[in-house]
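Undergrad: quick check, what structure comes out for this input:
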Amino acid sequence: MKTILVTGANGQLGNSIRLLAAGYPQFAFVFTDVDTLDICDAPAVDAFVREKKADYILNCAAYTAVDRAEDDEALCLRINRDAVKNLGEAARAVGARVIHVSTDYVFDGTNHLPYVETDATCPASVYGRTKLAGEEALLAVCPDAVIIRTAWLYSEFGNNFVKTMLRLGGEREQLSVVFDQVGSPTYAGDLAVAILAVLVQAEEGAFVPGIYHFSNEGVCSWYDFAVKIMELGNAPCHVLPIESKDYPAKAARPHFSVLNKAKIKATYKIDIPHWEASLRRCINTLSK
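TA: Here you go, the predicted model:
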């Protein structure tokens, strides 16, 4: 039985993997978060990986407070770059494989076609720069890693756009949401399924290292996303479209975050649901 070490296990993606773990009895999952393993502590990471005899490390941990990162670059770098390097070095020392989650923010969002994995990176925020630095640090010490970039992540867990909209939809008669930022919402449950599919195929001898893109199918603006959330959540709130310039934020957001998923679908034979279908599943679960 192979041991799967999951970092950031209390976050959206980590919790989503935890929900699915029982369906993969061929793996022994070890779920950790900062309370049990500080991934910024290199000796601690090395000792933990050796003690648990990890065969795979799934890094779901990250500093994701995009605006706060602009004033907290040092901590952001420790978590998004240095800690990722620590995990890569520990994995290399014991011959483990790494699957690391990255972000659309490695791009500046000026494309007009969905981003492929080989497109030039050009992050426009501290968060994006530190996540790109994490990718580079990992590949430098662990070139056979799998890196999965995703976007607009939401789930039943923690704080995210869907839960915020549902809360505000019950409190307000109307709210404004930007319509000039376009992307593909990603349900963490679907990303978890994709990651576990990579694991299963790796054990079947079909592990293909590299950078991959994953989000749900389909494209929308944040405004469209919010309207659909209100509709599915039966919230009476009226959503108004506004431009990004009318909703100032400390960190620059990509105006175009659509990711091309052809590579991961072809390589790992993954079937990706449309964002509306997955959103409906998530809201149905939350409503229970």
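Undergrad: contact partners for the nearest residue to Ile270 once chain neighbours are set aside?
TA: Using CB to CB, 6 or more residues apart in numbering and skipping the chain neighbours, the partner closest in space to Ile270 is Ala194 (5.1 Å). (Glycine included, C-beta is placed from N, CA and C.) By CB atoms under 8 Å, 6 or more residues apart in numbering, the contact set of Ala194 is Ile148, Phe214, Ile264, Tyr268, Ile270, Ile272.
Undergrad: can you rerun that using 7 Å?
TA: For Ala194, the contacting residues are Phe214, Ile264, Ile270, by CB atoms under 7 Å, 6 or more residues apart in numbering.
Undergrad: how about the strands in the stretch 101-250 of the chain?
TA: In the stretch 101-250 of the chain, the segments counted as strands under DSSP state E, counting those that start in this stretch are 146-150, 153-154, 174-178, 182-183, 186-187, 210-213, 220-221, 238-242.
Undergrad: contact partners of whichever helix or strand comes after the last one?
TA: Read that as strand 238-242. Sequence order places helix 262-268 as the next helix or strand after strand 238-242, per DSSP states H and E. Among residues not part of helix 262-268, those counted as contacts by CB under 7 Å, 6+ apart are Glu117, Ala194, Ala197, Val198, Gln201, Val208, Tyr212, His213, Phe214, Ile270, Ile272.
Undergrad: tell me which of the strands of the stretch 101-250 of the chain is the most buried.
TA: Of all the strands of the stretch 101-250 of the chain, strand 186-187 carries the top mean neighbour count, a mean of 26, counting by mean count of other CB atoms under 10 Å.
Undergrad: mind checking pLDDT for the residue nearest to the spatial centre of the chain?
TA: With the centre of the chain defined as its mean C-alpha position, the nearest residue by CA atoms, centre = their mean is Thr150, 4.9 Å away. Note for Thr150: predicted pLDDT of 98.
Undergrad: who's it bridged to?
TA: Here Thr150 shows beta-bridge partners Thr103, assigned using DSSP bridges.
Undergrad: so how far is Cys142 from it?
TA: Counting by CB to CB, to the nearest Å, the gap between Thr150 and Cys142 amounts to 20 Å.
Undergrad: same check on Asn10?
TA: The gap separating Asn10 from Cys142 is 24 Å, by CB to CB.
Undergrad: tell me which of those two has more neighbours.
TA: Comparing Asn10 with Cys142 by other CB atoms under 10 Å, the one with more neighbours is Cys142, at 22 against 17.
Undergrad: I'd say the more buried one and Val94 touch.
TA: No - with contact defined as CB atoms under 7 Å, Cys142 and Val94 do not form a contacting pair (11.4 Å).
Undergrad: which one of the strands of the stretch 101-250 of the chain lies closest to Asp72?
TA: Ranking the strands of the stretch 101-250 of the chain by distance to Asp72, with CB to CB as the measure, places strand 153-154 first at 20.3 Å.
Undergrad: so which elements touch the closest one?
TA: In terms of contacts (3 or more CB pairs under 7 Å, 6 or more residues apart in numbering; DSSP states H and E), strand 153-154 is packed against no helix or strand at all.
Undergrad: what comes into contact with that strand?
TA: Under the contact criterion CB under 7 Å, 6+ apart, strand 153-154 has outside partners Gln12, Asn160, Phe161, Val162, Pro185, Thr186, Tyr187, Ala188, Cys282.
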